[in-house]
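Asks: next input, structure requested:
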Amino acid sequence: MLSKELEKALNEQINAELWSAYLYLSMGMNFETAGLPGVANWFKVQFKEEQAHAEIFMNYINQRGGRVILAPIAEVPTEWATVLDAFRATLEHERKVTAMINNLYAMAEAEHDYASRDRINWFVAEQVEEEETAKSYIDKFQLIGNDGMGIYMLDQELGARTYNTPSPLASAGE
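Replies: Below is the predicted model:
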């Protein structure tokens with residue numbers, strides 16, 4: 001059974017994951033409108049991943065006898081001047097999420113809630129990947145600058161991204 005404090009913190013994380021999903025959907029729509037369908041695709045896949053992260057937390061709270069409380073999602077930005085700006089915002093945001101995940105892990109550790117610590121540990125590794133990916137695209141877009149052909153090629157690369165069900169959902173038979 002979850003402590004009330006950890007249950008509250010996990011519910012706050014659900015809200016943060018759903019806010020993240022909404023942010024990435026907004027980014028996707030911004031770049032779809034800008035004529036960059038590959039960039040839009042990358043952010044729309046990210047939108048789905050963040051929804052899945054929220055679902056993993058919801059499933060976990062329910063498995064542990066807690067209660068999921070869905071709170072309103074705050075407004076997100078709707079415009080980014082460049083793809084580089086969007087990926088910089090992505091990295092900054094993912095660093096904040098990493099701090100939140102680390103706090104959840106520390107809370108579970110302090111409570112000797114090893115089941116929760118184990119579930120949260122999956123997110124610790126996921127955040128390393130999230131930050132690394134955002135940083136790699138920042139590096140690539142910085143390298144190409146305003147070169148139209150380079151932007152076109154990266155748009156093609158980003159368009160090839162597909163959604164993969166995260167292992168905690170796949171293993172749950174979802």
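
Asks: need the residues that contact stretch 38-51.
Replies: Residues outside stretch 38-51 that contact it (C-beta atoms under 8 Å, 6 or more residues apart in numbering) are 17-18, 20-22, 24-25, 27-32, 83, 86, 90, 154-163, 166. In short, each C-beta sits where N, CA and C put it, glycine included.

Asks: now find how far off-centre that stretch is within its chain.
Replies: 9 Å (C-alpha atoms, centre = their mean, to the nearest Å).

Asks: return a ChimeraX selection command for the buried portion of the contacts of stretch 38-51.
Replies: To isolate the buried members of these in ChimeraX, using 16 or more other C-beta atoms under 10 Å:
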select :17,18,20,21,22,24,25,27,28,29,30,31,83,86,90,154,155,158,166
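
Asks: in helices, which of the contacts of stretch 38-51 fall?
Replies: In helices, defined here by DSSP state H, the members of those are 17-18, 20-22, 24-25, 27-32, 83, 86, 90, 154-159.

Asks: got the buried residues for the helix or strand harbouring Ser136?
Replies: Under the criterion of DSSP states H and E, Ser136 resides in helix 114-144. Neighbour counts over helix 114-144 (16+ other C-beta under 10 Å) mark 116-117, 119-120, 123, 126-127, 130-131, 133-134, 137-138, 140-141, 144 as buried.
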